[in-house]
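1. Sequence first, predicted model second:
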Amino acid sequence: MAKLKRLLAPKFWKVPRKVMTWVVAPRAGPHKKFECIPLAIILRNILGLTETGREAKTVIKKGDIFVDGKARKEHAYPVGLMDVVSIPKLNKFYRMIPSPKGLKLIEIQEKEAKLKLLKIMNKSLVKKGKIQLNFHDGKNLIVGKDVYKTGDSVLVELPSLKIIDHVKLEKGVMGLIIGGVNAGLLTTAKEIIVSRSTEPNRVVCELENKKLEISHEHFFVVGKKSPLIAVGE
């Protein structure tokens, strides 16, 4: 079992600094090491549903905890941006969203636990001329029509990944800032600046009546005029 010194653990994991020497490390997966929270830590430290790590492992191994509609039995499973955590036995459902201090869980309604927004990070051509969309959470989906672009978002049904809606990255759309001091805030895209160099594309936003220019990577499209799903408290 991979372990991590608790002093290295991100503060948003809410692990007591002087209680333990080691904490569980997230297993390698779709999210970067410090851009996710291990499932066991979510149960024990974030939600307070268990008192010890051993109790958390037992609950998880029983298959009582679902992430994106699938039972996850590995206590080190990484839960990251926009992932949905469901605990049907308690009728509790949560979504992971960004904040200035890191990731945090918000409680959502049961009907929303079957929905997820995915940001298209890139796409590739596969067999028979079809397109594979590669998303921010490591998932991918093969589609027949090439109507999607990098930076767009799709609303999918969980766990099938059936596309329900598609919102393009364009002027006027609403986005969630997912990085920096403004992480977690909703804003509107006023202009998309396409870079002609190695510099990343930029999005000019309006925030509290002020213009803000942020990296394309830190702008997550969540809807046209309003969010398609709950992405904040």
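-> Okay, I see it.
2. can we go C-alpha only for contacts and neighbour counts from here?
-> Fine.
3. elements contacting the biggest helix by length in the chain?
-> Taking DSSP state H as the criterion, the chain has its longest helix at helix 53-61. Here helix 53-61 is seen to pack against helix 39-41 when contacts are counted using 3 or more C-alpha pairs under 8 Å, 6 or more residues apart in numbering; DSSP states H and E.
4. list the helices and strands the helix it packs on packs on?
-> Short answer (3+ C-alpha pairs under 8 Å, 6+ apart): helix 39-41 packs on helix 53-61.
5. Phi and psi next, for the most centrally placed residue in the chain.
-> Residue closest to the average C-alpha location in the chain (C-alpha atoms, centre = their mean): L81, at 1.5 Å. Reported as degrees, to the nearest 10, the phi and psi values for L81 are phi -50, psi 130.
6. following the longest helix of the chain, which helix or strand shows up next?
-> Counting by DSSP states H and E, the next helix or strand C-terminal to helix 53-61 is strand 66-67.
7. And the pLDDT at the residue nearest to the centre of the chain?
-> Listed pLDDT for L81 reads 97.
8. ok now do it, which residues does it touch?
-> 35-36, 96-98, 103, 137 (C-alpha atoms under 8 Å, 6 or more residues apart in numbering).
9. now do F34
-> Going by C-alpha under 8 Å, 6+ apart, F34 touches 9-10.
10. likewise T188?
-> 172-175, 205-207.
11. Among the residues you listed, name the ones in strands.
-> 174-175, 205-207 (DSSP state E).
12. which among the contacts of T188 end up buried?
-> Buried by 16 or more other C-alpha atoms under 10 Å: 172-175, 205-206, out of the contacts of T188.
13. and which of those is nearest G144?
-> Checking those against G144 by C-alpha to C-alpha gives V173 as the nearest, at 25.0 Å.
14. Return the longest strand in this protein, judged by number of residues.
-> Under DSSP E, the chain gives strand 115-125 as its longest strand.
15. For it, which outside residues touch it?
-> Contacts of strand 115-125 (C-alpha under 8 Å, 6+ apart): 68, 82-84, 131-137, 149-158, 220-222, 229.
16. which residues are contacting the longest helix of the chain?
-> Contacts for helix 53-61 (C-alpha under 8 Å, 6+ apart): 40-41, 43-44, 49-50, 65, 72-75.
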